[in-house]
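Chemist: predicted coordinates and the sequence they were generated for:
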Amino acid sequence: MHHSPRLDFTLFLATLLWIGPAVTWAESGVLVIRVKDVHRQPIAGLQIGVEGDGGSATTGDDGKARIALAKDTKENSWVSLQILKSPRGKDMVMVSPWDYKTTVPSFKNESGNVVEVVVVQRGDRSALENNTFAKAVAQKINKANALKIDKQLDSQASLTAVAKLYGLSSIDIDKAIRAWGSSARDPYESGIAALYAQNYQKASAELGESLKQREANLISNQKAVADAAGFLGASLYLEGKYRDSAVAYQRYLQLRPDDMGSTSDLGLSLLLAGDYAAAEFPLRRAVSGVENSPAPDNKLLVFGLNNLASLPRVMGQDAEAEALFRRALNIAQKTLSPDDEAVATTMNNLAVCLKTEGKFDEAEELYRQAVEIDKRVSGPNSVNAANSQYNLGRLLLAKGDYVRAEPLFRRALEIVEQTLPPNHPYLAECLNGVGSVLEAEGHVTEAESFYRRGLEIDEKTLGRDHPRVAIDLMSIASLLVHERIYVEAKLLCQRAVDIYETRLGRDHPDTALALNNLATVLGASGDYNGAEPLLERALEIDEKTLGPHNLRTEQIRTNIALLQREMSLQKP
């Protein structure tokens, strides 16, 4: 009888287990972390945890740690990671995630529930040649700059702080970022590098493309989408595209509603876009969100109060603005270092408000304190010191003290020319400052050369339709009116109107200002019939946006009365 060969079921089953997919169900409520250094080597003995109510764990030889999450933490929830203790003899700093934030992956299986964390030994110079490190520090610096009260000034303080965190020099960090950025091909990385280099037009274009690409993978990587949207918002803001910036920030906050800094930036973008009604909610929410957090970030609170105060200041509600600035300064002086840049910046902002109210003596004292802080902290030749001197010069100019104002403007310009790139927007602003005092002194030809140089820089750096360019155009037009060159002055003012209407909208207060200036040119040239409808439209805008009793609204009303008086005198 023929017998069939006997099957070895033990071997058969073992083979099945070997060739089949190994599925290990992860424990719900546990986040698996894998920690490596920038050279991709696993790090053992590092204690890492989740901020708040989450737990902590120490990595094994494979670099893995299993961290218990807070009760009710669900998939896709955002958590903050922190290094609690480095391995013996080490001092490790987190590189990635760059902001320490991550979303909780699916609990379905462990291979999909692992968060990669990259760390570096503090002071490890070999990290400077690592692309992961360069990308992370560029993102950190860009985020720190985005959270500055004055976003267009020197980024050196952010660079210095990040360099200190990693135990490296700011010069070496800067070189590493620029070397990485020069070869970046991915649109997100290229955009981050361009934002760091203050090339906002390129940054916005690249980050916009990156966001489109990343949206397709939203389900698997929400953080990637959020990062692209957040940095795109910051870049568009610096480009002067405030409406587009608000849209990007809104997308970011859909994914990261807990970020009060970006909530405040959304409000500021809406404010500058002229949508005051929409701006108020995020500006107030940002302040209350920080105040009601378990451990309020006082610097972020100062930041939010400064931005919130900008709303009543634009609306001409000086008393409310002053109260908010004073509150911000009080918190800054009580909770931050006396030499913190936020203290000096808040002093500057309060002084601007006081200057508007005619409280020149107190404003001057604040400006001088800010100058001393910036000189002491950032150095006498820093951009921050230049900014404080520039602001003090503006006050003295308003007081008619041209003798003391001019050297401050010229010193600020000298510092900026030596410190910032040749086409930086703040250089254009300092040129405008020198031009304004020369104009006040009657040196029209010399003033015009400074104004035109500033215009050239802003057009090249920010683009021909940036709101800052409109300011330059109107400054030049005011000089041309003095010289009775009305045709060119009219063209410049009309271009300013076009810029504001296109970028900010037909009903924006800045559009009203440009209309008023255009009407002034027409009135000076004798074209009263052309000037009157422009002033009436400007009045309608300001009554609607600023209110009927706003100081500027009343000034336009006065301008209409003066124009009509001139028209009546011209009648036979």
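Modeler: Looks like it came in fine. Numbers count the residues shown, from 1 in each chain.
Chemist: give me the three-state assignment for the closest residue to C493 other than its chain neighbours.
Modeler: Take C493 and drop its neighbours on the chain: the residue closest to it by Cβ to Cβ, 6 or more residues apart in numbering is L518, 3.9 Å away. (C-beta placed from N, C-alpha, C; glycine too.) In three-state terms, and counting by DSSP: H, G, I helix; E, B strand; the rest coil, L518 is helix.
Chemist: L518 and E532 touch, don't they?
Modeler: No. Counting by Cβ atoms under 8 Å, L518 stays clear of E532, with 11.9 Å between them.
Chemist: quick one, which of these two is more surrounded?
Modeler: Comparing L518 with E532 by other Cβ atoms under 10 Å, the one with more neighbours is L518, at 26 against 17.
Chemist: and that one, how far from Q494?
Modeler: 6 Å (Cβ to Cβ, to the nearest Å).
Chemist: so how far is R122 from E414?
Modeler: In terms of Cβ to Cβ, E414 sits 37 Å off from R122.
Chemist: now do the buried residues in the helix or strand containing Y249.
Modeler: Element membership for Y249, per DSSP states H and E: helix 242-255. Buried residues in helix 242-255, counting neighbours by 16 or more other Cβ atoms under 10 Å, are found at 242-253, 255.
Chemist: in TSV, list those along with distance to D339.
Modeler: Below are those laid out as TSV (distance: Cβ to Cβ, whole Å):
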residue	distance to D339
Y242	32
R243	37
D244	36
S245	31
A246	34
V247	37
A248	34
Y249	31
Q250	36
R251	37
Y252	32
L253	32
L255	36
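Chemist: list just the nearest of these to S478.
Modeler: Y242 (25.0 Å; Cβ to Cβ).
Chemist: can you read off the pLDDT for that closest one?
Modeler: Reported pLDDT at Y242 in the predicted model: 86.
Chemist: residues in contact with it?
Modeler: The neighbourhood of Y242, defined by Cβ atoms under 8 Å, 6 or more residues apart in numbering, consists of 236, 269-270, 272-273, 503-504.
Chemist: same thing with Q139?
Modeler: 98-99, 192, 227, 231 are the contacts of Q139 under Cβ under 8 Å, 6+ apart.
Chemist: can you pick out the most distant pair from those?
Modeler: With distances taken as Cβ to Cβ, the most widely separated pair in the contacts of Q139 is D99 and I192, at 12.7 Å.
Chemist: neighbour count winner among those two?
Modeler: Taking other Cβ under 10 Å, D99 and I192 do not tie; I192 has more neighbours (31 against 19).
Chemist: pLDDT at that one, what is it?
Modeler: 97.
Chemist: same question for L427.
Modeler: Per-residue pLDDT puts L427 at 90.
Chemist: contact partners for it?
Modeler: L427 touches 413, 416-417, 420-421, 454, 457, counting by Cβ under 8 Å, 6+ apart.
Chemist: and which of the residues you listed is nearest S436?
Modeler: Nearest to S436 among the contacts of L427: G454, at 10.4 Å, using Cβ to Cβ.
Chemist: just the helices from the stretch 251-400 of the chain, written as ranges.
Modeler: All helices of the stretch 251-400 of the chain, identified by DSSP state H, counting those that start in this stretch, fall at 260-272, 276-291, 298-314, 318-335, 341-356, 360-378, 383-399.
Chemist: of the ones you listed, flag the one that's most buried.
Modeler: Of the helices of the stretch 251-400 of the chain, the one with the most neighbours on average (mean count of other Cβ atoms under 10 Å) is helix 260-272, at a mean of 26.
Chemist: mind giving me the packing neighbours of it?
Modeler: helix 131-146, helix 222-239, helix 242-255, helix 276-291, helix 298-314 (3 or more Cβ pairs under 8 Å, 6 or more residues apart in numbering; DSSP states H and E).
Chemist: any chance of TSV for the ones you listed, columns distance to S204?
Modeler: TSV is the format used below for those (distance: least, Cβ to Cβ, whole Å):
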stretch	distance to S204
helix 131-146	13
helix 222-239	4
helix 242-255	8
helix 276-291	21
helix 298-314	21
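Chemist: closest one to P105 among these?
Modeler: helix 222-239 (10.2 Å).
Chemist: just checking, what packs against whichever helix or strand A163 is part of?
Modeler: Element membership of A163, judged by DSSP H and E, is helix 156-166. Where contact means 3+ Cβ pairs under 8 Å, 6+ apart, helix 156-166 is packed against helix 131-146, helix 170-182.
Chemist: send the alpha carbons of the shortest one over as PDB?
Modeler: C-alpha atoms of helix 170-182 as PDB (Å, rounded to 0.1, in the frame of the first residue of the first chain):
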ATOM      1  CA  SER A 170      25.600  82.000  16.900                       C
ATOM      2  CA  ILE A 171      28.100  82.500  14.100                       C
ATOM      3  CA  ASP A 172      28.400  78.700  13.600                       C
ATOM      4  CA  ILE A 173      24.700  78.200  13.800                       C
ATOM      5  CA  ASP A 174      24.100  80.900  11.200                       C
ATOM      6  CA  LYS A 175      26.600  79.300   8.900                       C
ATOM      7  CA  ALA A 176      25.100  75.900   9.300                       C
ATOM      8  CA  ILE A 177      21.600  77.100   8.500                       C
ATOM      9  CA  ARG A 178      22.700  79.000   5.400                       C
ATOM     10  CA  ALA A 179      24.800  76.000   4.100                       C
ATOM     11  CA  TRP A 180      21.800  73.700   4.600                       C
ATOM     12  CA  GLY A 181      19.400  76.200   3.100                       C
ATOM     13  CA  SER A 182      21.500  76.800   0.000                       C
END
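Chemist: helices or strands next to it in the packing?
Modeler: With contacts taken as 3+ Cβ pairs under 8 Å, 6+ apart, helix 170-182 sits against helix 131-146, helix 156-166, helix 187-196.
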